[in-house]
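# got a sequence here, can you model it:
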Amino acid sequence: MKRLSTYVAGVAVGLIGTMAQAAEDVTLQLKWVTQAQFAGYYVALDKGFYDEEGLDVTIKPGGPDIAPTQVLAGGGADVAVEWMPAALAAREKGLAMVNIAQPFKSSGMMLTCRKDAGIASTDDFKGKTLGVWFFGNEFPFLSWMSKLDLPTEGGEDGVTVLKQGFNVDPLLQKQAACVSTMTYNEYWQVIDAGLTPDDLIVFKYEDQGVATLEDGLYVLEENLADPAFEDKMVRFVRASMKGWKYAEENPDEAAEIVLDNDASGAQTEDHQKRMMGEVAKLTSGSDGALDEADYERTVQSLLSGGSDPVITKEPTGAWTHAITDKALN
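Here you go, the predicted structure:
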């Protein structure tokens, strides 16, 4: 009996070891640094949702010098968080990225302007300097300016584009009348710096009809041809969306989990809790499946770039429901 018990115990240990070894590696590349913008993934990691799906997930923070499209192209990640304009522009240039899930339903992008710079409406943009993020983030802005028939080369009848760092200094120092901000991040940096909402006027891309999809999950098309990779992504998306819904319902706890994963120590509790509250508004209404109407709106916005559109033709194969259909049903 003792030998049998020892044998059974040995088998159990062996099985546990095999299960641990069987966990499949997934590397996720974020679009930016560790913050509540990506809370769903950190929650899924912290709560064991990835473990439940047999996945060993590594989350790689982004930064000002990291382009998710390039990381994906170089094989540095299996899946990346990216904005659709950058993904579609990369696809047209030959990097076949495919959207497999869309956790963010709404856009948080906006232009924040000082009223004392003479900005009351979009008609007042003429002759002004506007701060714009690049590295793929400029595409929605350029489409918007084309829609407004405003050249971006400067002059009295156009706008001067200031290549904005990932901060709001140009607005605070009055180097620009407006700067790019996100509802969940940089806008609050402006407020925390001493300006009040009454000092500002904001133009949300959603309200202007030029919003494009942000923070989708993208993989390389060639990898989806592998059934094993597809199955891995089904499990990854299922666990990630579980993480996102948990974060929406428990925003303060989600913010704390993000802080626990911030190796830089740069984030603060108040800022992350406020950010999580705003991010939850953008993921609300999404079950992870891409909305075709949102996709079409994004494409049309990018095609309407006048003489220099972001993309020059309707993309094909740029998204799939194959992953979310299996993950969510």
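
# is residue 85 in contact with residue 135, as I believe?
No. Counting by Cβ atoms under 8 Å, residue 85 does not reach residue 135; the two are 11.3 Å apart. In this view, the C-beta of every residue, glycine as well, is placed from N, C-alpha and C.

# quick check on these two: which one has the bigger neighbour count.
For residue 85 versus residue 135, neighbours defined as other Cβ atoms under 10 Å are more numerous around residue 85 (25 against 17).

# quick one: secondary structure of that one?
Residue 85 falls in the helix class when you classify it by DSSP: H, G, I helix; E, B strand; the rest coil.

# identify each buried residue in the helix or strand where residue 239 lies, please.
Element membership of residue 239, judged by DSSP states H and E, is helix 227-249. Within helix 227-249, the residues that count as buried by 16 or more other Cβ atoms under 10 Å are 229-230, 232-248.

# residue ranges in the protein under the pLDDT threshold?
Within the chain, the stretches with pLDDT under 70 are 1-21, 136, 305-307.

# all strands for it, in order.
24-29, 55-60, 79-82, 97-101, 109-114, 129-132, 160-163, 178-182, 200-204, 216-220 (DSSP state E).

# endpoints of stretch 109-119, how far apart?
18 Å (Cα to Cα, to the nearest Å).

# quick one: residues in contact with it.
124-125, 128, 130, 140-141, 168, 171, 174, 177-183, 186-187, 190, 195, 198-205, 211-212, 214 (Cβ atoms under 8 Å, 6 or more residues apart in numbering).

# again, but for stretch 294-311
With Cβ under 8 Å, 6+ apart, stretch 294-311 has contacts from 84-85, 88-89, 92, 99, 102, 105, 139-140, 142-144, 146-147, 210-213, 312-315, 318-319.

# likewise stretch 153-173?
With Cβ under 8 Å, 6+ apart, stretch 153-173 has contacts from 32, 64, 112-114, 125-134, 138, 145, 150-152, 175-176, 178-181, 186, 189-190, 193, 195.

# and the strands of the chain as TSV, adding mean neighbour count and distance to residue 302?
Output for those, formatted as TSV (neighbours: other Cβ atoms under 10 Å; distance: least, Cβ to Cβ, whole Å):
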stretch	mean neighbour count	distance to residue 302
strand 24-29	18	22
strand 55-60	17	27
strand 79-82	26	14
strand 97-101	25	14
strand 109-114	24	14
strand 129-132	22	16
strand 160-163	16	18
strand 178-182	26	17
strand 200-204	17	18
strand 216-220	25	14
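
# do you know which of the ones you listed lies nearest residue 274?
Smallest distance to residue 274 across the strands of the chain (Cβ to Cβ): 12.0 Å, for strand 178-182.

# run through who's touching that closest one.
Everything outside strand 178-182 that qualifies as a contact, by Cβ under 8 Å, 6+ apart, is 37, 108-114, 117, 119, 125, 128, 130-133, 137, 141, 164, 168, 170-171, 186-187, 189-190, 202-203.

# chain center to it: distance?
16 Å (Cα atoms, centre = their mean, to the nearest Å).

# now it against strand 200-204, angle please.
60 degrees (axes from the mean of the first three to the mean of the last three Cα atoms, to 10 degrees).

# separation between residue 210 and residue 150?
12 Å (Cβ to Cβ, to the nearest Å).

# does residue 279 touch residue 105 like I think?
No. Look at residue 279 against residue 105 with Cβ under 8 Å: they stay out of range, at 11.3 Å.

# so which of the two has more stuff around it?
Comparing residue 279 with residue 105 by other Cβ under 10 Å, the one with more neighbours is residue 279, at 31 against 19.

# my guess is residue 275 contacts residue 34, does it?
No. If you go by Cβ under 8 Å, residue 275 and residue 34 don't touch, sitting 11.5 Å apart.

# so what sits against both of the two?
Common contacts of residue 275 and residue 34 (Cβ under 8 Å, 6+ apart): none found.

# residue 210 and residue 150 - which one has more neighbours?
Set residue 210 next to residue 150 and count neighbours by other Cβ under 10 Å: residue 210 wins out with 25 against 19.

# residue contacts, that one?
140, 143, 144, 147, 301.

# state the distance from the third one to residue 178.
If you measure residue 144 against residue 178 using Cβ to Cβ, the figure is 12 Å.

# excluding chain neighbours, give the residue nearest to the most centrally placed residue in the chain in space.
Centroid-nearest residue in the chain: residue 215, 2.4 Å away (criterion: Cα atoms, centre = their mean). Nearest residue to residue 215, sequence neighbours excluded (Cβ to Cβ, 6 or more residues apart in numbering): residue 104, at 4.1 Å.

# likewise residue 54?
Leaving aside its chain neighbours, residue 54 sits nearest to residue 23 (5.5 Å; criterion: Cβ to Cβ, 6+ apart).

# residues near the one you found, how many?
Neighbours of residue 23 (other Cβ under 10 Å): 14.

# just checking, it touches residue 57?
No. Contact criterion Cβ under 8 Å: residue 23 and residue 57 do not qualify, at 9.3 Å.
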